[in-house]
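# here is my input, please return the structure:
(chains A and B)
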Amino acid sequence: MNTPWFSFSAQDFSYAFISVLLEGVPFILLGTLLSGLIEQFLPARWMTRLIPRNAFAAVCLGGVLGVVFPMCECGIVPVIRRLIAKGLPVSCAVTYMLAAPIVNPITALSTYAAFRGQGAAEFTTLRVGLGFFIAVLGGLAVLNLPIGAVLKTNVLESLTLSGPGGGDRLSPHSFLGRLIAAMETGVRDFLEVMVYFILGAGVASIFSTAVNQEIFLPLSLDDRLAVPAMMSLAGFLSLCSSSDAFIAATFVAFPAVAKLAFLVFGPMMDLKLAFIYSAVFTRRFVGALAFGLFILTGLLCLRLAVVLV
Amino acid sequence: MTWLFSRLAAAGVLLIWGATLGYFYLSGRITSYLHPAFHIYTGLSAGVLLILSLALLLTIPNGSGQHSLSGIGIFPVLVLTIPLLAAAKLSPSTFGASTVLNRGTVDSLADLPGFSPPLHPALPRADGSATDGTLMDPSLYLKKNAEGYIVAEAVDLLYAADEPTMREDFENKPVEITGQFLPSHTGNPHGNRFNLTRLFVMCCAADARPVAISVQTTPSIDLPKMTWVKVRGKATFPVEGGRHIPVVVAESTTETDAPKESFLY
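Take a look at the predicted model:
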């Protein structure tokens, strides 16, 4: 290998950084505007009617919401924050957050297109199925955690201020007044999430431009190394879930399970997302979530290696 | 930090973001950053951000009661503006050689993002004889310039190397191809080849993969890495390493401006 494993160029970094921002901002803006509208116009009683009483069914519903209300991973955090405020259980919100970028129809179609000729139907089914399954397991794990260990103090305080039922206090103002309040909420969420997005995009851009990606190639020979290597790569590259399949499909040297691990782990947790999640969740929870998802996805994919040979 | 300062700061941040996104969209600079499918979202976002900025200024409430926009400090404002403006100023709108080399070049069709191998052979003719797969007169889809050179892209030659029918359309024909110069360190036994690269993009520059074909020159040439060059020569597909690879035997290699669309999609 002639190229050193790390070679930083400020200009290349700036180029990748700006391109990630230009690509991601529209989706974050959409998510935050939606969050403002949810805050002002969605009555909490709708949410309590929608959620099944059975905890397992409720968590599964969180995963299904990802199909019905597709959101990309960048824009979803402000939405779940407001849904939690409206009474969506945190476990359901986490399941929705993890599942939505994978189970939505756009991601499924792009995965199918990217893997045509490489078992597209099986690959897409496995990606969507495994993504849903892991998201539900993630939600079930959160079910047993105290809410204070999951949500940041300021988010928790805003819930407490809203009162039980997640704030069914829709603003008494006129429609225009509520629209202005929705705008203010949306703008606040946008600015808050963007701080984390910028930090995450910066770290991801360093890795995507400065690290020689060929260092991962020798790991492709053994499933036990290839799977964590591809998950690490997904974490570093922080790709958009609607297009990551096209990149994964090009890693022809890697076994199918490693590519599957790349496609399941990446949309749930990467450098950029770790920062964005920190806008709502405690650092400790984000760290534990990253660790848990890495181990769980890795083990399940290695188990699937038998099927995918 | 007063609530009024917070509101003005928020409006200012939105204004800067809206103006920056609008500048990238309206100046056409965005073509060097995003796949065309995403351009409209950036343009719309610029408009929405500017409208929000204006709306925040026009709806400043009277009095200093509870405001959902209070508490925006200096640090978030700096994080939200300085990196964006600095990167927009510093970014050359193209990658340098180090990132291209770090990502590794795509030099075969199987490694090309989005490529799907054909699932089935072409259907036989009505009389049962095998078809060669050609459905169209090549002159209809191979664009030629005034001097009779086929104007091709690096990806076309990667496809031709892999597809026998397409290879016939190009083999030993004069081609003109534009890309960026990179020295070739592998597959270059006589030291007279360089890599002609183009960035292949699925979504944005952050996921760009460099596509490369070999160009053979006599005598060998040396240029600054990533210089845009126009190569005219003959397309050949020698078997090396057990497969056909595209090699353009150059008649001329001249420096040129970057094309308006620097990416391949």
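
# go through stretch A:239-254 and flag the buried ones.
A:239-251, A:254 (16 or more other C-beta atoms under 10 Å in any protein chain shown). For the C-beta atoms, the positions are set from N, CA and C on the backbone; glycine is no exception.

# try stretch A:298-308
Neighbour-count burial for stretch A:298-308 [16+ other C-beta under 10 Å]: A:298, A:300, A:301, A:302, A:304, A:305, A:308.

# the strands in the stretch 51-200 of chain B, which residues?
B:150-152, B:174-183, B:193-200 (DSSP state E, counting those that start in this stretch).

# dump the helix or strand hosting residue A:265 to PDB, keeping only the CA atoms.
Residue A:265 belongs to helix A:256-268 when elements are defined using DSSP states H and E. Provided in PDB are the C-alpha atoms of helix A:256-268 (Å, rounded to 0.1, in the frame of the first residue of the first chain):
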ATOM      1  CA  ALA A 256     -22.700 -10.700   2.000                       C
ATOM      2  CA  VAL A 257     -23.200 -10.700   5.800                       C
ATOM      3  CA  ALA A 258     -20.600  -8.000   6.200                       C
ATOM      4  CA  LYS A 259     -22.500  -5.800   3.700                       C
ATOM      5  CA  LEU A 260     -25.700  -6.600   5.500                       C
ATOM      6  CA  ALA A 261     -24.200  -5.500   8.800                       C
ATOM      7  CA  PHE A 262     -23.000  -2.300   7.100                       C
ATOM      8  CA  LEU A 263     -26.600  -1.600   5.900                       C
ATOM      9  CA  VAL A 264     -28.300  -2.400   9.200                       C
ATOM     10  CA  PHE A 265     -25.900  -0.800  11.600                       C
ATOM     11  CA  GLY A 266     -25.100   2.400   9.600                       C
ATOM     12  CA  PRO A 267     -28.600   3.900   9.500                       C
ATOM     13  CA  MET A 268     -29.000   3.200  13.200                       C
END
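
# can the helix or strand just after that helix be said to contact chain B?
The helix or strand immediately downstream of helix A:256-268 is helix A:271-277, counting by DSSP H and E. No - applying C-beta under 8 Å from any C-beta of the partner chain, one finds helix A:271-277 separated from chain B by no less than 10.2 Å.

# got it, and stretch A:35-47?
No - with C-beta under 8 Å from any C-beta as the criterion, chain B is not reached by stretch A:35-47; the gap is at least 8.9 Å.

# one more: stretch A:121-131?
No - judged by C-beta under 8 Å from any C-beta, stretch A:121-131 stays clear of chain B, getting no closer than 12.0 Å.

# go through the buried residues of stretch A:298-308 and say which is closest to chain B.
For these, the closest approach to chain B (C-beta to the nearest C-beta) belongs to residue A:308, at 18.1 Å.

# and the closest one, what pLDDT?
Residue A:308 carries a pLDDT value of 59.

# now swap in residue A:67 and tell me
87.

# about what we covered before: output the buried residues of stretch A:298-308 in a markdown table; the columns should cover secondary structure and distance to chain B.
Listed next are the buried residues of stretch A:298-308 as a markdown table, based on DSSP: H, G, I helix; E, B strand; the rest coil; distance: C-beta to the nearest C-beta, whole Å:
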| residue | secondary structure | distance to chain B |
| --- | --- | --- |
| A:298 | helix | 23 |
| A:300 | helix | 26 |
| A:301 | helix | 22 |
| A:302 | helix | 25 |
| A:304 | helix | 23 |
| A:305 | helix | 22 |
| A:308 | helix | 18 |
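
# can I get those residues in TSV with distance to residue B:244?
Output for the buried residues of stretch A:298-308, formatted as TSV (distance: C-beta to C-beta, whole Å):
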residue	distance to residue B:244
A:298	38
A:300	40
A:301	35
A:302	36
A:304	35
A:305	33
A:308	30
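
# around chain A, which positions in the stretch 151-265 of chain B sit nearby?
Of all the residues in the stretch 151-265 of chain B, those lying near chain A are B:185, B:202, B:203, B:204, B:205, B:206, B:207, B:209, going by C-beta under 8 Å from any C-beta.

# buried ones from those, can you make that a ChimeraX selection?
Only the buried entries of those go into this ChimeraX selection, using 16+ other C-beta under 10 Å:
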select /B:202,203,204,205,206,207,209
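
# wait, which of the residues of the stretch 151-265 of chain B next to chain A is closest to residue A:145?
residue B:206 (33.9 Å; C-beta to C-beta).

# isn't residue B:196 right up against residue B:229?
Yes - using C-beta atoms under 8 Å, residue B:196 is in contact with residue B:229, at 7.1 Å.

# re earlier: just the ones of the residues of the stretch 151-265 of chain B next to chain A in helices?
Using DSSP state H, no member of those falls within helices.

# max pairwise distance over the residues of the stretch 151-265 of chain B next to chain A: which two?
B:185 and B:203 (29.2 Å).

# what's the most distant pair in the buried residues of stretch A:298-308?
A:298 and A:308 (14.5 Å).

# give me the below-cutoff pLDDT ranges for the chain.
Let's take chain A. A:1-2, A:160-172, A:307-309 (pLDDT under 70).

# chain B is the one I meant
If you take pLDDT under 70 as the line, chain B has these spans: B:1, B:63-68, B:115-124, B:129-140.

# now residue B:146: phi and psi?
Main-chain torsions, residue B:146, degrees, to the nearest 10: phi -60, psi -30.

# count the neighbours of the residue in the stretch 51-200 of chain A positioned nearest to chain B for me.
Using C-beta to the nearest C-beta, the closest approach of the stretch 51-200 of chain A to chain B is made by residue A:116 at 3.6 Å. A total of 17 residues lie near residue A:116 under the criterion other C-beta atoms under 10 Å in any protein chain shown.

# what do you get for residue A:175?
10.

# got it, and residue B:107?
Neighbour tally, residue B:107, other C-beta under 10 Å: 21.

# name the nearest residue to it, sequence neighbours excluded.
Of all residues not flanking residue B:107 in the chain, residue B:212 sits nearest, at 5.3 Å (C-beta to C-beta, 6 or more residues apart in numbering or on different chains).

# measure the one you found to chain A for me?
Residue B:212 sits 14 Å away from chain A, going by C-beta to the nearest C-beta, to the nearest Å.

# check residue B:36 too.
For residue B:36, the distance to chain A - C-beta to the nearest C-beta - is 13 Å.

# identify the residues contacting that residue.
Going by C-beta atoms under 8 Å, 6 or more residues apart in numbering or on different chains, residue B:36 touches residue B:265.

# returning to that earlier point: out of the buried residues of stretch A:239-254, who's near chain B?
Answer for the buried residues of stretch A:239-254 near chain B (C-beta under 8 Å from any C-beta): A:239, A:240, A:242, A:243, A:244, A:246, A:247, A:249, A:250.

# next helix or strand past the longest helix seen in chain A?
Criterion DSSP H: the longest helix present in chain A is helix A:175-210. Later in the chain than helix A:175-210, the nearest helix or strand by DSSP H and E is helix A:223-237.

# elements contacting that next one?
helix A:175-210, helix A:244-248, helix A:256-268, helix A:283-308 (3 or more C-beta pairs under 8 Å, 6 or more residues apart in numbering or on different chains; DSSP states H and E).

# now those helices as TSV including distance to residue B:10?
Shown next, in TSV, are the helices and strands packed on helix A:223-237 (distance: least, C-beta to C-beta, whole Å):
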stretch	distance to residue B:10
helix A:175-210	6
helix A:244-248	33
helix A:256-268	30
helix A:283-308	25
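
# lovely, talk soon.
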